[in-house]
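Peer 1: what shape does this take:
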Amino acid sequence: MRIVIVGAGQAAASMAARLRVAGHEGALTVIGREPAAPYQRPPLSKDYLMGRMGLDRLTLRAPDWWRDQAIALHLSETALSIDPAARVLTTDRGDHPYDALALTTGAAPRRLPAAMGGDLPGTHVIRTLADVDALAPDMRAGRRLIVIGGGYAGLEAAAVARK
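Peer 2: Numbers count the residues shown, from 1 in each chain. I've put the predicted structure just below:
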């Protein structure tokens, strides 16, 4: 049985590992839009942003683990459409036939509308490594900051900014 997992975050890594532990021996493919292998997101807004934790410590599994588990990791690949009748996922790099498909894409942060300043320079969202890498240069002493949203990432980023 061919299983394709769309989204290469913590849920995908956990699912892939669990499938192998449960005895799934068939083809297993994880497809993610980001260039990095699945990594922890909670430390992004604090330890990674502060430079106390590198990507090597964020990554959930070592590169050899994916190979040893015979899990095809397709990074920097974007899912475009699903044909449930044909059981084919189409990405920007081609088609992936499947017998079972799991969607583990998570949520996308909502940006402020452009009319409210959502497209102004220095306006950031936090969800991915790239988001935090784009924010980091703006986190300098003496700068002013407004955090909209009191969720985990926003509160952590505010604490880092305060330091």
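
Peer 1: these two touch, right, residue 112 and residue 124?
Peer 2: No - the criterion here is Cβ atoms under 8 Å, and residue 112 misses it with residue 124 at 10.8 Å. Where you see a C-beta, it was placed from the backbone N, CA and C, and this is true even at glycine.

Peer 1: which SS class is the residue of the chain most remote from its centre?
Peer 2: The C-alpha centroid of the chain is most remote from residue 142, which lies 30.8 Å away (Cα atoms, centre = their mean). Under DSSP: H, G, I helix; E, B strand; the rest coil, residue 142 falls in the coil class.

Peer 1: pull the contacting residues for it.
Peer 2: By Cβ atoms under 8 Å, 6 or more residues apart in numbering, the contact set of residue 142 is empty.

Peer 1: distance of it from residue 161?
Peer 2: Between residue 142 and residue 161 the computed distance is 11 Å (Cβ to Cβ, to the nearest Å).

Peer 1: what's the answer for residue 138, then?
Peer 2: The spacing between residue 138 and residue 161, counted by Cβ to Cβ, is 9 Å.

Peer 1: neighbour count winner among those two?
Peer 2: Counting neighbours by other Cβ atoms under 10 Å for residue 138 and for residue 161 shows that residue 161 has the greater number, 17 against 13.

Peer 1: please enumerate the helices of this structure.
Peer 2: Along the chain, counting by DSSP state H, helices occupy 10-21, 55-58, 63-68, 129-135, 152-162.

Peer 1: now list whatever residues contact both of residue 142 and residue 161.
Peer 2: Both residue 142 and residue 161 lack any common contact, where contact means Cβ under 8 Å, 6+ apart.
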